[in-house]
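S.K.: Turn this into a model:
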Amino acid sequence: MKYHSPRLVGISTALAAVTIWAVFLLGTRWGVRGIFTVEEILFLRLLSGALITIPFMIKLGVLVRNQGLISTLMLTIGSSAVFPYFVSLGLFYAPASDAGAIAPGMLPFWTALFSWILLGEVVSNRRIMGLGFILFGALVVGLWQIVSGSESGVWKGHLLFLLGAGLFSVYTIHFRRSGLSPTHGLVIGLFWGTITFLPILTLSGNIGFQEVNWYDILNMSILQGLLNAVLALLFYSIAVQQIGAAQARAFGALTPILALIGGVLFLEEAITLTKTVGVCLVAFGVLLASGVFEK
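M.R.: Below is the predicted model of the structure:
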């Protein structure tokens, strides 16, 4: 009897990846609104992720070869430091439920747009429809928060989410063109992001850990480094191998939903009908844009 079919493994790892992404948003929002600074969270993410992946750095190497300047910057510090910093800073201003719709939710939109601009890739009509749902849903979430004035400065968080998602989509395009494996790309980013930004973060004056204890530091290191920076990528890569890229991407539609539910249950974030509709529109758009319904 076959207990571990490829499809079961793929579905399980895809669910694990999107759950970690949602928990990352929730945990970061809790941290930056409470006891951690944004710089402290990024510091823990880089340091813990780099320490965990040292064996892979030694085995695979950390040099980037045959890449242009923009590609090199994206592969070395883009996903490991720049994107997480903007999203973490955005979570200081805006709720995790908004982040789920505007940060990971908008990734398919930005990726398709930049793939068309930079690579000339053609998108099918069905996926264009999905991208339209994503954009409309994100606008519903963002504009409603601004118009209603429910929280001061929330628009800053939305802009940071958009910026982070846009930069990460550019990174994904350069990563695809680089020919690197997911693990190799991960260790390159963690190595260069760590040696570049740890000194900068230390000199910023915002690293002190004065409001936290060792238990808090350990938990945040596990969330940021082990779970989000390492295991989420590993699980997603396994899912792509087992069930295909389109179906793996389709599970990303759950991230905005999980962030919305988690924000309400664990962070006591306000939920409105308008926000719920916007998040659901984004989730449906992500499902369509994933290509899972393509023949």
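S.K.: give me every residue that touches A96.
M.R.: If you count contacts by CB atoms under 8 Å, 6 or more residues apart in numbering, A96 has them with L25, L26, T28, R29, A259, G262, G263, L267, E269. Where C-beta positions appear, they are placed from N, C-alpha and C, glycine not excepted.
S.K.: try 10 Å this time
M.R.: Contact partners of A96, counting by CB atoms under 10 Å, 6 or more residues apart in numbering, are 22-30, 33, 103, 258-260, 262-264, 266-267, 269.
S.K.: just F133 next, same as before
M.R.: F133 neighbours (CB under 10 Å, 6+ apart): F109, C280, L281, V282, A283, F284, G285, V286, L287, L288, A289.
S.K.: Skipping adjacent residues, who's closest to I70 in space?
M.R.: In this structure, I70 finds its nearest non-sequential neighbour in H174, 7.1 Å apart by CB to CB, 6 or more residues apart in numbering.
S.K.: Among the contacts of A96, which are located in strands?
M.R.: Among the contacts of A96, no member is found in strands (DSSP state E).
S.K.: Generate a ChimeraX selection restricted to the buried subset of those.
M.R.: The following ChimeraX line selects those of the contacts of A96 that are buried, judged by 16 or more other CB atoms under 10 Å:
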select :22,23,24,25,26,27,28,29,30,103,258,259,260,262,263,264,267,269
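S.K.: ok so, going back, which helix or strand contains the residue nearest to I70?
M.R.: helix 154-178 (DSSP states H and E).
S.K.: So for that helix, what gets flagged as buried?
M.R.: 154-155, 157-175, 178.
S.K.: Among the contacts of A96, which lie within helices?
M.R.: Among these, the ones falling in helices (DSSP state H) are 22-30, 258-260, 262-264, 266-267.
S.K.: what about the helices in the stretch 1-150 of the chain?
M.R.: For the stretch 1-150 of the chain, the helices defined by DSSP state H, counting those that start in this stretch cover 6-32, 38-52, 54-60, 69-73, 83-93, 96-102, 107-119, 125-148.
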